[in-house]
Structure formats: C-alpha cells, structure tokens
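**Q** Take a look and give me a structure for this.
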Amino acid sequence: MSLTNQQPEFENEGGTIQSLDSTNWPLLNGQKLSLRRLLLNPSAVREPHWHVDANELAYCVSGEALVTLFVNGSKTDSFTVTAGQMYFVPGGALHSIDNVGTTVAEFIVGFTDANPQEFGIADSFTAFSDAVLGNTYSVPADTFTPLRTATRPGKISVRTQPTEVPHSALRTSQYRFDVDAMTPPVNSPSGSARTARKQFWPILEGISMYSLDVTDDGMREPHWHPVTTEMGYVHKGRARMTILNPGGAVDTYELEAGDVYIVPSAYPHHIEDIGDDDIHFCIFFDNVMPQDIGYRAAIGGWAPEVLQAAFGLDTDVFASLPFTAQDPLIVPRVNPVDPAS
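**A** Next comes the predicted model:
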C-alpha cells in the first residue's frame, strides 16, 4: 500500500497530511499501529494539538523543525529536529511542529492506534463560551469574541513572522532521539539496523522504530517477532517481501519508495533488496522492545536428527549448515535474486 500516493486527508498552502489507518486500510483493524506522512513548507506550523488515544513517534526524513510539547501541569519542552532524528509525544500531550528551516520538512509519523483521534487547539477554544474563557484567563468575555468569526486554517497554518528558536531547543531532550547518529546495534557489510527502542530511549511507551539499511547485495533473513506487529515504510530503494500466513498461504510482493507494509505478530517474513541501490526502511513496532527469531539461528536449538524427521528427509541436510551462536539478522545474498513470478 502506498502512503505517498494516498489522497491527502488535509492539504493547504502550508503542507500536506497523508494517512494509512483503519479507515482506508482495513487490514489495520485490530492492530495498534498506523502511519502518517507530514509535509510542512517553510514557515508552516502543524497546529498545537493532542491525540486522545495514541502515543506518537516520528522520524524526520528531511528539513528542520521546532517541536514544542506541553506535557503535564506547567511542564513544557521545546527542541529542534533535523533529518535522521526522531521525536516522541505521549498520548494527550499538547504539541506542535514548526518548520523553522528553508526547505520542506518531511516526517513519517507512527501512532499506537489504528485510527488515532485528535483535538486541535483552535477548535477546542471555540467549544466553550466567551464567559468561560474569560473566567479562565481573568479577562472580559468579549476578549474572545473575534474567535467566533475568524477563519481557521485547520491542521496546518502559515506564520507571517519568523519563529525565534530558543537556545534551549538545541539542548538534549528526553523526547528527541538521534537514531541515525547512533552506533548500529546490528551492523555488517550487508546492512545495519539502528534501533529507537526503550533500551536506548527510556521515554518510549507502546511503540518503537528501527532505521534499517540493507545493501544491494544483502537480505533481511526470514524471521518473526513474537507478540509484536510490524509496520514499515520504504524510504529508499526497491525490495521484495515474503510473508507466511497461518494455514500456509504465502504473499510475495515488491516494494518501492513510499510504500507501507504490515506484518501481524509472529508471522514469518523476509526483506530482500532487488534494486540497483541500497534500501532504507523506517520500521515501526507496537512494542518498545521487539523480540526477533531468525531462521539462521533458530535451527541451532535442535539436533539435526530432529529436523531431519520434521522435514521428512532421508538425507542430513541440516548437519551441513553452519552453527550460528548469535543471529546476524542481515545476511549477504550469495545466490541470485529469484525471478519475478
């Protein structure tokens, strides 16, 4: 399913929001993941808003933005995010994203709900009377009369004045994570995985993301994730994926930049580069510490005789396979790519 080709759910001169959720992809029903693509033009602001039922985890593809959060009581945080960095917003936290750069800011945003709901700050004010708002701020009620006739731009607005980025926004924030700058926990000549997970980013709840790179002669081996659903976005390259379903049905399809896939919990699957260039995926999980069982290491837990009997073999195929103490996750492709079927 293509995210970049989706009809925008919101679009104006300030930018675009595209979504893949349970309303336009029924396969997500019952899952705890959905994705959005946010494009903000220079000087555009994703209005202050909050999500009713979902945490938010975003990866910056390009540009520079100022993220501001109001989390609890009088606690606020403001920080900049650039390409390769991420931010996390707990459910219910008021937040905005302000493009303070000179180019389009692009974000791939994951949520912990298949159809996240939200409130915008402008609409939330107009729900209450002028008198109630006046009492809240200790001012006359007619202070808020202009709100009733103003034309609200919606989810994205455009500033007429530059935003002053405070020096504090460049400091470390617990809600920002520089995923692409980290030393990859998984690293080989065939690719790498940088992991925004609770082990490295303690603030996370209900969601994590891997920044996966696979070379043009590499492959993410067949594997599955116990009690974890996976939803991936193809940032760069062309790939082939195979997913095994309960009952034996097999789905194999090709992916290109802008595509999204979903793998239900514990379904075996693999990812293989079939293009001329490397591939880069942003892979979201509905688990802060996703586990992984790979085919290469898994068979090492049984004697070759047991595997021979399970497969109904007369020859000892498995005795010739190398023992793997730790699963490599990403392996070199030593055989040609299977022809397209």
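
**Q** Return the set of buried residues in the helix or strand of the chain with the lowest mean pLDDT.
**A** Least confident helix or strand, the chain: helix 304-311 with a mean of 86, by mean pLDDT, DSSP states H and E. For helix 304-311, the neighbour count (16 or more other Cβ atoms under 10 Å) marks L307, Q308 as buried. No exception for glycine: its C-beta is placed from N, CA and C like everyone else's.

**Q** roughly how far is the following helix or strand past it from the heart of the chain?
**A** Scanning forward in sequence from helix 304-311 by DSSP states H and E, the next helix or strand is strand 330-332. Distance of strand 330-332 from its chain centroid, counting by Cα atoms, centre = their mean, to the nearest Å, is 23 Å.

**Q** all helices in the stretch 51-200 of the chain, in order from the N-terminus.
**A** 121-126, 130-137 (DSSP state H, counting those that start in this stretch).

**Q** so can I have a markdown table of these showing mean pLDDT and mean neighbour count?
**A** Shown next, in a markdown table, are the helices of the stretch 51-200 of the chain (pLDDT from 0 to 100; neighbours: other Cβ atoms under 10 Å):
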| stretch | mean pLDDT | mean neighbour count |
| --- | --- | --- |
| helix 121-126 | 92 | 14 |
| helix 130-137 | 96 | 13 |
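
**Q** quick one: which of these is nearest L33?
**A** Comparison of the helices of the stretch 51-200 of the chain against L33 by Cβ to Cβ identifies helix 121-126 as nearest, at 26.0 Å.

**Q** contacts for the closest one?
**A** For helix 121-126, contacts defined as Cβ atoms under 8 Å, 6 or more residues apart in numbering pick out E47, P48, H49, L94, L133, F144, L147, R148, R152.

**Q** got it, and stretch 313-324?
**A** R296, A297, I299, G300, P304, L307, Q308, F311.

**Q** Looking at the contacts of helix 121-126, which one is closest to P264?
**A** P264 lies nearest to H49 out of these, by Cβ to Cβ, at 29.8 Å.

**Q** what's near enough to touch that closest one?
**A** L94, H95, S96, E118, F119, G120, I121, K155.

**Q** and H167, how many neighbours does it have?
**A** 6 (other Cβ atoms under 10 Å).

**Q** Quick one: residues contacting it.
**A** Contacts of H167 (Cβ under 8 Å, 6+ apart): none.

**Q** Also P42?
**A** Contacts of P42 (Cβ under 8 Å, 6+ apart): N99, G101, T102, T103, V104.

**Q** what about the third one, distance to H225?
**A** In this structure, T102 and H225 are 40 Å apart, going by Cβ to Cβ, to the nearest Å.

**Q** buried ones in stretch 262-274?
**A** I262, V263, P264, Y267, P268, H269, H270, I271, E272, D273, I274.

**Q** Next step: those residues restricted to strands.
**A** Among those, the members falling in strands (DSSP state E) are I262, V263, H269, H270, I271, E272, D273.

**Q** TSV for those, including pLDDT and distance to F111?
**A** Shown next, in TSV, are these (pLDDT from 0 to 100; distance: Cβ to Cβ, whole Å):
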residue	pLDDT	distance to F111
I262	97	13
V263	97	17
H269	97	22
H270	95	26
I271	94	23
E272	93	28
D273	92	28
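
**Q** does P48 belong to a helix or a strand, and which?
**A** Going by DSSP H and E, P48 is part of strand 44-51.

**Q** any idea how far that strand is from the chain center?
**A** On Cα atoms, centre = their mean, the centre of strand 44-51 falls 18 Å from that of its chain.
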